[in-house]
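1. Predicted model, plus sequence, below.
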Amino acid sequence: MWSQIHGPSIIACSLSPIGWKMILGLAFFLVMAWYSISREERYIRLFSFPVQDVRMTCPRGEMEKKTTSVQVCTSLWLIPLCVPCSYTRDHPMFLQLNDYFWVKKNPSPYELPYGTKGSEDILLRVLAITSSSVPESIQSMKCRRCAVVGNGHRLRNSSMGEAIDKYDVVIRLNNAPVHGYEADVGSKTTMRLFYPESAHFNPRRENNPDTLLVLVPFKPMDFQWLETILNDKKRVRKGFWKQPPLIWNANPEQVRILNPYFMEITAAKLLNLSMKQPRKIKQKPTTGLLAITLALHFCDLVHIAGFGYPDSANKKQTIHYYEQITLKSMAASEHNVSHEALTIKRMLELGVVKNLTHF
Ligand SMILES: CC(=O)N[C@H]1[C@H]([C@H](O)[C@H](O)CO)O[C@](OP(=O)(O)OC[C@H]2O[C@@H](n3ccc(N)nc3=O)[C@H](O)[C@@H]2O)(C(=O)O)C[C@@H]1O
Ligand SMILES: CO[C@@H]1[C@H](O)[C@@H](O)[C@H](O[C@H]2[C@H](O)[C@@H](NC(C)=O)[C@H](OCc3ccccc3)O[C@@H]2CO)O[C@@H]1CO
């Protein structure tokens with residue numbers, strides 16, 4: 001699925017120079033044709049981007065592609081032309097203990113949030129008390145139809161709850177509640193992505209007994225928070241931009257640590273942020289865009305709901321479905337939400353993801 005967004009730019013394929021020239025020529029033609037056809041909104045059907053089925057059937061062949069290879073597709077005179085390209089799914093979703101037991105052959109080149117360089121020791125300790133496995137119930141799914149639920153206000157009074165709960169996998173974010181909002185957002189939560197400052201949810205009330213609580217690490221202190229809270233050690237208050245919970249009633253067996261690889265590719269490939277001096281760039285992906293990236297790797301079909309910020313001139317519009325705060329609260333947030341909106345729009349246009357609410 002990933003190759004359908006970026007085509008040849010993400011996955012390195014070995015093609016002869018003539019092959020590449022042909023593809024470039026064809027790409028030019030493709031753009032021209034796309035422009036004329038897209039206005040009639042028919043281009044998705046004609047081109048080789050397989051549109052995600054608006055019904056809930058599994059896109060044909062997706063599971064086979066996962067285990068074998070994928071193809072980079074373009075078109076020749078509107079006839080699909082696909083180039084086989086080797087692709088390995090060698091990025092586990094969650095960090096695992098045995099990767100930190102021994103000196104790694106390929107150590108991470110980046111520090112958090114894009115890699116684990118420098119955090120190896122604390123990781124050894126937190127991975128010893130958490131788990132890294134994808135539960136069998138998810139691993140064995142024949143088809144993973146996923147809903148990524150953003151925290152946006154447009155979910156309010158949407159009555160989307162029943163539809164969201166029908167997905168095989170429902171990904172939620174931060175402290176977004178379900179209790180009291182079931183009719184609009186559903187109650188199923190397969191995974192909840194969060195960081196210490198956003199862990200202000202009641203793990204038992206807002207989740208299901210088997211919900212995976214997935215820590216998105218942004219800084220080494222995030223691992224330290226997890227270690228102290230799960231081991232009930234003395235809490236550390238300094239080093240967080242907002243006070244994280246001091247009591248957190250979660251089962252360590254449900255806790256996972258997201259592989260920073262997904263943050264790296266969200267930043268580098270979707271937002272074109274430079275990875276050369278990541279510390280200097282005070283911009284990072286939102287948790288929602290990260291979750292979409294993760295879902296595109298992991299799921300056969302990705303639908304989103306609750307994404308989309310108000311226009312920057314709209315100072316009064318609340319941004320969440322569950323609380324009365326406006327864009328002003330995000331002034332120091334280090335996100336570029338208009339850039340992200342363009343990225344999401346592009347994915348929607350290509351049919352790579354489908355939106356359940358309006359965008
Ligand atoms: C003040 C502040 O820092 N706010 C940030 C909050 C805050 O830290 C947590 O809610 C705390 O619990 O977290 C963020 O995001 P937040 O928790 O608001 O929302 C989760 C994701 O939903 C998508 N979203 C949200 C609102 C909206 N109107 N449109 C949307 O598309 C976004 O993709 C967003 O990522 C975050 O983690 O990304 C980003 C926000 O900038
Ligand atoms: C996904 O990002 C999360 C959230 O959406 C962001 O708003 C938040 O940004 C904070 C940023 O991570 C902090 N940087 C560090 C290194 O901690 C930044 O710190 C400045 C600061 C420090 C101390 C006291 C107040 C502010 O603050 C940003 C928010 O204002 O990051 C979230 C993930 O942690």
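-> It's in. Ligands and ions are numbered 1, 2, ... in the order given.

2. From now on I want contacts and neighbour counts done on CA atoms only, so please keep to that.
-> Fine.

3. show me what contacts the closest residue to ligand 2 within the stretch 1-150 of the chain?
-> Closest contact between the stretch 1-150 of the chain and ligand 2, by CA to the nearest ligand atom, is at residue 113 (9.0 Å). Each residue near residue 113 by CA atoms under 8 Å, 6 or more residues apart in numbering is listed here: 217, 218, 219, 260, 263, 264.

4. For this structure, what lies in contact range of ligand 2?
-> Residues of the chain lying close to ligand 2 (CA under 6 Å from any ligand atom) are 218, 240, 241, 286, 287, 332, 333, 334.

5. picking that back up, the residue of the stretch 1-150 of the chain closest to ligand 2 and residue 279: what is the separation?
-> Separation of residue 113 from residue 279 (CA to CA, to the nearest Å): 10 Å.

6. And the pLDDT for the residue most central in space within the chain?
-> Residue closest to the average C-alpha location in the chain (CA atoms, centre = their mean): residue 291, at 2.1 Å. Model confidence at residue 291, given as pLDDT, is 98.

7. Not counting its neighbours along the chain, what's nearest it?
-> Distances taken as CA to CA, 6 or more residues apart in numbering place residue 148 nearest to residue 291, at 6.9 Å, with adjacent residues excluded.

8. tell me the secondary structure for the one you found?
-> strand (DSSP: H, G, I helix; E, B strand; the rest coil).

9. Setting aside sequence neighbours, what's the nearest residue to the residue in the stretch 101-250 of the chain positioned nearest to ligand 2?
-> Proximity to ligand 2, evaluated over the stretch 101-250 of the chain using CA to the nearest ligand atom, is greatest for residue 241 at 3.9 Å. Nearest non-adjacent residue to residue 241, counting by CA to CA, 6+ apart: residue 197, 7.4 Å away.

10. For my notes, confirm that neighbour occurs in a helix.
-> Yes: counting by three-state DSSP, residue 197 falls inside a helix.

11. ok, now which ones touch it?
-> 240, 241, 242, 243, 244, 245 are the contacts of residue 197 under CA under 8 Å, 6+ apart.

12. can you list these in a markdown table and add pLDDT?
-> Listed next are the contacts of residue 197 as a markdown table, based on pLDDT from 0 to 100:
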| residue | pLDDT |
| --- | --- |
| 240 | 98 |
| 241 | 97 |
| 242 | 98 |
| 243 | 98 |
| 244 | 98 |
| 245 | 98 |
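
13. what's the closest of those residues to residue 188?
-> residue 245 (23.4 Å; CA to CA).

14. Could you turn the buried ones of the residues of the chain next to ligand 2 into a ChimeraX selection?
-> Applied in ChimeraX, the following selects the buried portion of the residues of the chain next to ligand 2 according to 16 or more other CA atoms under 10 Å:
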select :218,286,287
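
15. Can I get the residues of the chain next to ligand 2 in a markdown table including secondary structure?
-> Formatted as a markdown table, the residues of the chain next to ligand 2 follow (three-state DSSP):
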| residue | secondary structure |
| --- | --- |
| 218 | coil |
| 240 | coil |
| 241 | coil |
| 286 | coil |
| 287 | helix |
| 332 | coil |
| 333 | coil |
| 334 | coil |
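
16. near ligand 1 too, which of the residues of the chain next to ligand 2?
-> Answer for those near ligand 1 (CA under 6 Å from any ligand atom): 286, 287, 333.
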